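Q: No sequence on hand, only this structure:
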């Protein structure tokens, strides 16, 4: 089964995966918004790094669920 199909299946049937996925997408949008600013402050840089770490943790959790269905 292809990864895209697994993700669709998990989004439809696994509430925890869906929450992880949606939170990851939300953080991705926030990071992109911060990175697109004309002037990025030191605080922005710290926030971006923090959010990217959280995103990575979420992605690891999603990948674990995906790998169980491969």
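A: Good, I have the coordinates. Here the structure is a predicted model, which is why all the values come from computation and not from measurement.
Q: any idea how far the residue nearest to the spatial centre of the chain is from residue 54?
A: In the chain, the centroid-proximal residue (CA atoms, centre = their mean) is residue 24; its distance is 2.4 Å. The gap separating residue 24 from residue 54 is 9 Å, by CB to CB, to the nearest Å. Heads up, the C-betas are built off the backbone N, CA and C, glycines and all.
Q: picking that back up, what about the residue nearest to the centre of the chain, which helix or strand?
A: helix 15-35 (DSSP states H and E).
Q: Remind me what the next helix or strand along the chain from that helix packs against, helices and strands.
A: Per DSSP H and E, the first helix or strand lying C-terminal to helix 15-35 is helix 42-69. With contacts taken as 3 or more CB pairs under 8 Å, 6 or more residues apart in numbering; DSSP states H and E, helix 42-69 sits against helix 3-13, helix 15-35.
Q: Save those as JSON lines, and put in mean pLDDT and distance to residue 65 too.
A: As requested, those are exported to JSON lines (pLDDT from 0 to 100; distance: least, CB to CB, whole Å):
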{"stretch": "helix 3-13", "mean pLDDT": "95", "distance to residue 65": "6"}
{"stretch": "helix 15-35", "mean pLDDT": "98", "distance to residue 65": "5"}
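Q: Show me the one of those that comes nearest residue 67.
A: Taking CB to CB, helix 3-13 is the member of these nearest to residue 67, at 9.1 Å.
Q: Report the distance from that closest one to the chain centre.
A: 15 Å (CA atoms, centre = their mean, to the nearest Å).
Q: quick one, that helix and helix 15-35 angle?
A: Counting by axes from the mean of the first three to the mean of the last three CA atoms, to 10 degrees, helix 3-13 lies at 110 degrees to helix 15-35.
Q: So which bits of helix 3-13 are buried?
A: Using 16 or more other CB atoms under 10 Å as the test for burial, helix 3-13 gives 6-7, 10.
Q: sorry, back to before: OK, contacts around the residue nearest to the residue nearest to the centre of the chain when sequence neighbours are not counted?
A: Nearest non-adjacent residue to residue 24, counting by CB to CB, 6 or more residues apart in numbering: residue 58, 4.4 Å away. Residues counted as contacts of residue 58 (CB atoms under 8 Å, 6 or more residues apart in numbering) are 20, 23-24, 27.
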